[in-house]
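> structure, please.
(one chain, ligands or ions: 1)
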Amino acid sequence: MRIDVVTIFPEYLDPLRAALLGRAIERGLIEVGVHDLRDWTHDVHRAVDDAPYGGGPGMVMKPQVWGDALDAVCGPDTRLVVPTPAGRPFTQETARAYAREQHLVFACGRYEGIDQRVIEDAARRMPVDEVSIGDYVLVGGEAAVLVMVEATVRLLPGVLGNPVSAEQDSFSDGLLEGPSYTRPEVWRDLAVPEVLRSGNHALIDRWRRDQALERTLLRRPDLLDRLPDGTLDQRDLAV
Ligand SMILES: COc1ccc(Cn2ccc3ccc(-c4cc(N)[nH]n4)cc32)cc1
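Residues are numbered from 1 along each chain as shown. Below you'll find the predicted structure:
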């Protein structure tokens, strides 16, 4: 997979080259390119924004600059992803779909966003997703891209040391992850739940499922409404 990011703050994407993602790049599992949008500006001031038609606060990012940048960066197999507060929700399902793509280009807006004609024009040539990572407002798209790239790349074969965890992690079975524990057995007079030290794996699995159900019911009851039919058995419903 190749990932390209276009931004006016290339340094904001430096974390992509650290830790797990950095190792995935070094191992050739992914290629990452970060591009400064100002490289496609046409004037001495290297302007990327202008006042909004119809008035209103803030500035809008110019279509000409974005058009030239995306013409240069996108290819025949590109899916263009545009973070925006007004986007469809980015979920684990989105991450799984993106992990199957050959080439992702992320367009990081700033100011009040990018001239909508940039998205309309790109959609003539490639799939374009306008996505939100949550119901809160950021200052630009860069932080959202870091989130989406991490959620996507961790699903690629060979990236995670323990691939099972990508399947079993939160949201993969529709429930939240339950609590985890490690040594010592007692810490500040708090003991690890007895069942986890029992060695009875059927009991441990059942306890973990109960914990996941309880946590989901308490923190994200909305997820329970979305579970595929048959996900919860009679035992689950008794929790
Ligand atoms: C019209 O309202 C606004 C429009 C843009 C902005 C600032 N901004 C500029 C580009 C950009 C890209 C993504 C996001 C974003 C994504 C999520 N989930 N929250 N915020 C925010 C962004 C603020 C408000």
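
> so the residue nearest in space to the middle of the chain is in which element?
Centroid-nearest residue in the chain, with CA atoms, centre = their mean: Met148, separated by 2.1 Å. Per DSSP states H and E: Met148 is located in helix 142-153.

> of all the residues in that helix, which ones are buried?
Under the neighbour-count criterion of 16 or more other CB atoms under 10 Å, helix 142-153 has Glu142, Ala144, Val145, Leu146, Met148, Val149, Ala151, Thr152, Val153 buried. C-beta: built from backbone N, CA, C; applies to glycine.

> which non-adjacent residue is nearest the first one?
The one in question is Glu142. Tyr12 (4.0 Å; CB to CB, 6 or more residues apart in numbering).

> name the SS class of the residue nearest to Thr41 when sequence neighbours are not counted, please.
Residue nearest to Thr41 in three dimensions, not counting chain neighbours: Val65, with 5.5 Å by CB to CB, 6+ apart. At Val65, secondary structure determined by DSSP: H, G, I helix; E, B strand; the rest coil is helix.

> mind listing what Val65 touches?
Residues counted as contacts of Val65 (CB atoms under 8 Å, 6 or more residues apart in numbering) are Leu37, Arg38, Trp40, Thr41, His42, Ala47, Val48.

> what about it, distance to Arg96?
33 Å (CB to CB, to the nearest Å).

> so where's the protein uncertain?
In the predicted model of the chain, residues 164-172, 239 satisfy pLDDT under 70.

> now for it: which helix has the highest residue count?
helix 201-219 (DSSP state H).

> list the contacts of the helix or strand that that helix is followed by.
Counting by DSSP H and E, the next helix or strand C-terminal to helix 201-219 is helix 221-225. With contact meaning CB under 8 Å, 6+ apart, helix 221-225 is reached by Phe171, Gly174, Leu175, Leu176, Thr216, Leu217, Leu232.
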